[in-house]
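Novice: this one's sequence-less:
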C-alpha cells in the first residue's frame, strides 16, 4: 500500500504540493486540513484549522495517516511534528524547538549573531517605552520594525523615517495589530539593495538548495502599495548567479543547519532564508521554516523528481541518498487577488473561466471554496496561475494569457511579474 499523507494549510502552496504528491506512485491518499476549492480536486479536505493541534493529531489517527509534510508556518511552533513523531509518524518539517528560527525573529537574530551569519544591525525590545527611546536615539532615517512572532508574512514594517518607525511601534505594541506576535519587537537598520530568497530541503544534517526564485511582495504594479503575502514569482531568478547561489549555500544555509544541529535543534524540513543583496554582501533578513508562497507553486512546476521520495528521505535523515532533478525550463506564477487586498475586500464572488485554461498551465487555488453554484472567492489571494516554458518570456506570456481568462468581481493582478527579462 502507498502512503497516506497529511498537509496542513489552505493556500495555493498547499494545492501545489498536493498536486505534485498526487503524481507519486507511492502515495495512495492525500488529506489537506482545512484545504480549499482546489485541493479538493486532488485530495480530501479535512475541516480542521491549522492551529488546532489536538484535532489534527486525532485526525491523523482516525485517517490512518502515515506521513506529515509541513508546508505552512503555524502548526510547527505549536508542536504538531513533536506530537505526531511521538505516535511514530515520519514527518518532513521542524519540531517546535527547531521552528523557533521562524517563530521568533528575536531568537533567530541572536542565532545569526552567535553563528556568524551576516544580518542587519538590530536591537530587540519587550517594552514599548524602551523601543521608542531607542528609535529616538538613532539618526532620523529609514528603519525596519518587526513583530518578533508569526504574523502571516506581514509583521515586518519598512519605515522611511523616525516618525514612521514610531508609528510602527505603536501599531505593533500598543494597538496590538499582530496580537501576541508583537509582544517583542526587533528594530533594525534598513539595508539598501535588492531582495532574494533561497529554499533548501533539509534532513537535520544535509541541506540541498532548490533553484532560485524571486517573488513580488508589494500589492501594486511597479512595487507600489502595501506588503502582501506575495503577488507572483518566477524561477530561476534573473539576478542570482551560480556564484551567488554557492555563496548563500556556503555562508547561510550550511552554517544554519550545522548551528541548529549543534544546539540540539536539528532542522528537518524546508529552510527558506530571505536575503538582502547589498554592495557589502548578502545579509539574512529573516528565516522561514517552510516553503514560500507563491514560490512553492513555481518550484513544484519545475520539480521533476518524485516529491514524496524526496521528503520521505529527508524525514528519515537520508537526503543524501536521493538525487533531486529540476527542469531547466523557467516557471512564472501570477497571483489573481481580490480587489482591495491586503486591506478590505469582499468574498463569495463566482469565479468564471477556470475551464478555459490551457492543459499545460496550472491554476493553484488559495482563497476559494466550492459551492453548489461553483467555485467562489474566499480570501485575499485567490489563485496562482502558473506556467512553465522554454524561456522566461514565453512562460510569462502563457501565465498572463491564462490569468486574463479568469473572471470574478474585483479581480486584480500585478502586470509586471517576471517583466525584468523583457527589459534586458
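Specialist: Great, that's in hand. All values reported here derive from a predicted model rather than from experimental measurement.
Novice: In the record's domain split, what are the boundaries for this structure?
Specialist: Domain assignment of the chain by automatic domain parsing yields the ranges 3-94, 121-189, 194-321, 331-423.
Novice: out of these, nearest to residue 105?
Specialist: domain 121-189 (4.5 Å; Cβ to Cβ). Glycine gets a C-beta too; all of them are placed from N, C-alpha and C.
Novice: For the closest one, what is the distance to the chain centroid?
Specialist: Distance of domain 121-189 from its chain centroid, counting by Cα atoms, centre = their mean, to the nearest Å, is 22 Å.
Novice: buried sites along stretch 357-368?
Specialist: By neighbour count on 16 or more other Cβ atoms under 10 Å, the buried set for stretch 357-368 is 357, 361, 362, 363, 364, 365, 366, 367, 368.
Novice: got it, and stretch 329-339?
Specialist: For stretch 329-339, burial by neighbour count (16+ other Cβ under 10 Å) applies to 329, 330, 331, 332, 333, 334, 335, 336, 337, 338.
Novice: Mind pulling the model confidence for the fourth one?
Specialist: This means residue 332. With respect to pLDDT, residue 332 has a value of 98.
Novice: so it touches residue 418, yeah?
Specialist: Yes. The criterion here is Cβ atoms under 8 Å, and residue 332 meets it with residue 418 at 4.7 Å.
Novice: Give the residues shared as contacts by the two.
Specialist: 232, 234, 392, 395, 396, 399 (Cβ atoms under 8 Å, 6 or more residues apart in numbering).
Novice: Is it possible to get JSON lines of the residues you listed that adds neighbour count?
Specialist: Shown next, in JSON lines, are those (neighbours: other Cβ atoms under 10 Å):
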{"residue": "232", "neighbour count": "30"}
{"residue": "234", "neighbour count": "29"}
{"residue": "392", "neighbour count": "21"}
{"residue": "395", "neighbour count": "26"}
{"residue": "396", "neighbour count": "25"}
{"residue": "399", "neighbour count": "28"}
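Novice: Export the residues you listed to JSON lines and append columns for distance to residue 1.
Specialist: What follows is the shared contacts of residue 332 and residue 418, written out as JSON lines (distance: Cβ to Cβ, whole Å):
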{"residue": "232", "distance to residue 1": "39"}
{"residue": "234", "distance to residue 1": "38"}
{"residue": "392", "distance to residue 1": "41"}
{"residue": "395", "distance to residue 1": "37"}
{"residue": "396", "distance to residue 1": "42"}
{"residue": "399", "distance to residue 1": "37"}
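Novice: Out of those, name the ones that lie in helices.
Specialist: Counting by DSSP state H, the shared contacts of residue 332 and residue 418 place 392, 395, 396, 399 in helices.
Novice: show me what contacts the first one?
Specialist: It refers to residue 392. By Cβ under 8 Å, 6+ apart, the contact list for residue 392 reads 234, 238, 330, 332, 418, 421.
Novice: Skipping adjacent residues, who's closest to the first one in space?
Specialist: The shortest distance from residue 234 to any residue other than its chain neighbours is 3.9 Å, reached at residue 418 (Cβ to Cβ, 6 or more residues apart in numbering).
Novice: Pretty sure the one you found sits against residue 235.
Specialist: No. Using Cβ under 8 Å, residue 418 makes no contact with residue 235, being 9.3 Å away.
Novice: got the residue ranges for the helices in the stretch 101-250 of the chain?
Specialist: All helices of the stretch 101-250 of the chain, identified by DSSP state H, counting those that start in this stretch, fall at 105-114, 128-137, 162-169, 242-248.
Novice: Ok, which of those helices comes nearest residue 266?
Specialist: Judging those by Cβ to Cβ, what sits closest to residue 266 is helix 105-114, at 13.8 Å.
Novice: Could I get the buried residue list for that closest one?
Specialist: For helix 105-114, burial by neighbour count (16+ other Cβ under 10 Å) applies to 105, 106, 107, 108, 109, 111, 112.
Novice: that older thread, wait, which of the helices of the stretch 101-250 of the chain is closest to residue 350?
Specialist: Nearest to residue 350, of all the helices of the stretch 101-250 of the chain, is helix 162-169, at 38.2 Å by Cβ to Cβ.
Novice: list the buried ones in the closest one?
Specialist: Buried, per 16+ other Cβ under 10 Å, within helix 162-169: 162, 164, 165, 166, 168, 169.
Novice: Over to stretch 411-424?
Specialist: Buried, per 16+ other Cβ under 10 Å, within stretch 411-424: 411, 412, 413, 414, 416, 417, 418, 419.
Novice: now do stretch 237-252
Specialist: The neighbour-count check on stretch 237-252 (16+ other Cβ under 10 Å) flags 237, 240, 244, 245, 248, 249, 251, 252 as buried.
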